[in-house]
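Colleague: Okay, here's the prediction I keep looking at, along with the sequence it came from:
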Amino acid sequence: MTKATLFTQEGLLVGFRLAGHAGYAASGADIVCSALSAVTHMTAVGLTQVQGLEPLVKVEDDKGRMVVLVRRQQAQAAQVLLRALELELGAIAQQYPHHLRIIYAERREFKCFS
């Protein structure tokens, strides 16, 4: 099962972490993993290359992990893409409830950002 953690700060989405393999099918044929990879990578590309934001982006494809965190001062600008991701993850979780779990975590400060 994949676990998606959506990070919030002061009522805003400020990032996400995706961890684990969905286990819907064998590696390379897993449509749930493919969908999750597509929507999370698109979100990261949208934040960095379309909006010009500078989030922390860490991807470990071999381990099925991805983390994206935006800076507090850029959080408002990131809401459209992060809320769209939230909606799409919810739709995937509704269709494949045994393969994706979504949780929310409050982030007060980011040690990786000054």
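Modeller: Looks like it came in fine.
Colleague: So the residue nearest the centre of the chain: helix, strand or coil?
Modeller: In the chain, the residue lying closest to the centroid (CA atoms, centre = their mean) is residue 16, at 3.8 Å. Per DSSP: H, G, I helix; E, B strand; the rest coil, the local secondary structure of residue 16 is strand.
Colleague: tell me which element the residue nearest to it when sequence neighbours are not counted falls in.
Modeller: The shortest distance from residue 16 to any non-neighbouring residue, by CB to CB, 6 or more residues apart in numbering, is to residue 6 (5.2 Å). Any C-beta I mention is one placed from the backbone N, CA and C, and that applies to glycine too. Residue 6 is located in strand 2-9, with elements delineated by DSSP states H and E.
Colleague: And that strand, what does it pack against?
Modeller: Under the contact definition 3 or more CB pairs under 8 Å, 6 or more residues apart in numbering; DSSP states H and E, strand 2-9 sits against strand 12-19, helix 31-45, helix 75-95, strand 100-106.
Colleague: for those, which one sits closest to residue 1?
Modeller: strand 100-106 (6.0 Å; CB to CB).
Colleague: Run the angle between the closest one and helix 75-95 for me.
Modeller: Orientation check (axes from the mean of the first three to the mean of the last three CA atoms, to 10 degrees): strand 100-106 against helix 75-95 gives 150 degrees.
Colleague: Output strand 100-106 in CSV with nothing but the alpha carbons.
Modeller: Coordinates of each C-alpha in strand 100-106 appear next as CSV, following Å, rounded to 0.1, in the frame of the first residue of the first chain:
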residue,chain,number,x,y,z
LEU,A,100,-3.6,4.1,-1.2
ARG,A,101,-4.0,5.7,2.2
ILE,A,102,-4.0,9.5,2.6
ILE,A,103,-3.1,11.2,5.9
TYR,A,104,-2.6,14.8,6.9
ALA,A,105,0.2,16.1,9.0
GLU,A,106,0.7,19.6,10.4
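Colleague: buried stuff in that strand?
Modeller: residue 100 (16 or more other CB atoms under 10 Å).
Colleague: same check, this time on stretch 40-54
Modeller: 40, 41, 43, 44, 46, 47, 51, 53.
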